[in-house]
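A.B. asks: Model the following, please.
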Amino acid sequence: MIRDYQPSDLDQILTIWLAASIQAHHFIGADFWESKVSDMRDIYLPASETRVYEDQGRVVGFYSLFGNSLAAIFVAPELQGQGIGSALLEDAKSRRETLQLTVYRENASSVRFYQQHGFCSLGEQVDEHTGHPELLLEFSPEYHRSC
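C.D. replies: Numbers count the residues shown, from 1 in each chain. Below you'll find the model as predicted:
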């Protein structure tokens, strides 16, 4: 079930975010992600509209929107590949006319995931925090599947 974030979800969200970030971004040291947990808790999550995927009373995934930006979407690593991320992404797409996001170019599985869900490339930039190249992607029903 996908529902709105509640403050009691915070610890589960942070655990998912950290584990999934370390796994998906093997090209960036785990210490970088560990150093960002407090920013997620104190800055990014409070500023965002967050929804969670709950299964049997446990949060197993979430996404955060900041304006028209999909700022985060993460699923517990042990449950990836079971459709949870797709369900979360479809829910996010239903809440905005267009969605933009950035994804590290080196994160090939996530790039494929977004492309399979109709996101088109708008260009490339360098992440100021890590120095790694990232793609800027956008979903809009106007050009869905016509990238």
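A.B. asks: Counting neighbours, what do you get for residue 1?
C.D. replies: The burial count assigned to residue 1 is 8, neighbours taken as other Cβ atoms under 10 Å. Yep, even glycine has a C-beta here, placed from its N, CA and C like the rest.
A.B. asks: In the chain, where's the longest helix?
C.D. replies: With secondary structure taken from DSSP state H, the chain has its longest helix at helix 10-24.
A.B. asks: Give me the contacts around that one.
C.D. replies: The contact list for helix 10-24, computed with Cβ atoms under 8 Å, 6 or more residues apart in numbering, reads 5, 30, 33-34, 37, 40-41, 45, 50, 52, 58-62, 72, 74-77, 80, 107, 109-110.
A.B. asks: Filter these down to the buried ones, ChimeraX style.
C.D. replies: Restricted to buried positions by 16 or more other Cβ atoms under 10 Å, the ChimeraX selection for the contacts of helix 10-24 reads:
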select :5,33,40,45,50,52,59,60,61,62,72,74,75,76,80,107,110
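A.B. asks: circling back: any idea how far the longest helix of the chain is from the chain center?
C.D. replies: Helix 10-24 has its C-alpha centroid displaced from the chain centroid by 11 Å (Cα atoms, centre = their mean, to the nearest Å).
A.B. asks: If anything else comes up later, I'll come back, but that's it for now.
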